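Enquirer: Okay, predicted coordinates and the sequence, questions at the end:
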Amino acid sequence: MSVDSCHGAEHLIQPYLDRALTEAEVARIDGHLRECDYCNDRYIFERRLREVVRDCCTGEPAPEPHARRFLRL
């Protein structure tokens, strides 16, 4: 993968995790993550980080709009 495609994918990882992308963007990032180990590792790290934060922070509700983002994991 080229640096440009990785740079573009890097900017889509957070919205991808938030499920805030169009179908075309999802297809683009899905394809890139299948082909690029580096970006796929970044995606896995970010997904796991969100899971840890969600699991550790169950004592108090998160302020809006953050609560909606974390509940979509």
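Expert: All right, it came through fine.
Enquirer: Mean pLDDT per element in this structure, and the minimum belongs to which helix or strand?
Expert: Lowest by mean pLDDT, DSSP states H and E among the helices and strands of the chain is helix 66-71, with a mean of 69.
Enquirer: The residue nearest to residue 69 when sequence neighbours are not counted and residue 35, how far apart?
Expert: If the residues on either side of it in the chain are set aside, residue 69 comes closest to residue 18, at 5.5 Å by Cβ to Cβ, 6 or more residues apart in numbering. Any C-beta I mention is one placed from the backbone N, CA and C, and that applies to glycine too. As judged by Cβ to Cβ, to the nearest Å, residue 18 and residue 35 stand 22 Å apart.
Enquirer: helix, strand or coil for residue 47?
Expert: helix (DSSP: H, G, I helix; E, B strand; the rest coil).
Enquirer: Please identify the buried residues of the helix or strand harbouring residue 38?
Expert: Using DSSP states H and E, residue 38 sits in helix 37-56. For helix 37-56, a neighbour-count test (16 or more other Cβ atoms under 10 Å) marks 39, 42-43, 50 as buried.
Enquirer: and the residue nearest the centre of the chain, what is it in contact with?
Expert: The residue lying closest to the centre of the chain (Cα atoms, centre = their mean) is residue 17, at 3.0 Å. Residues near residue 17 by Cβ atoms under 8 Å, 6 or more residues apart in numbering: 43, 46-47, 50, 73.
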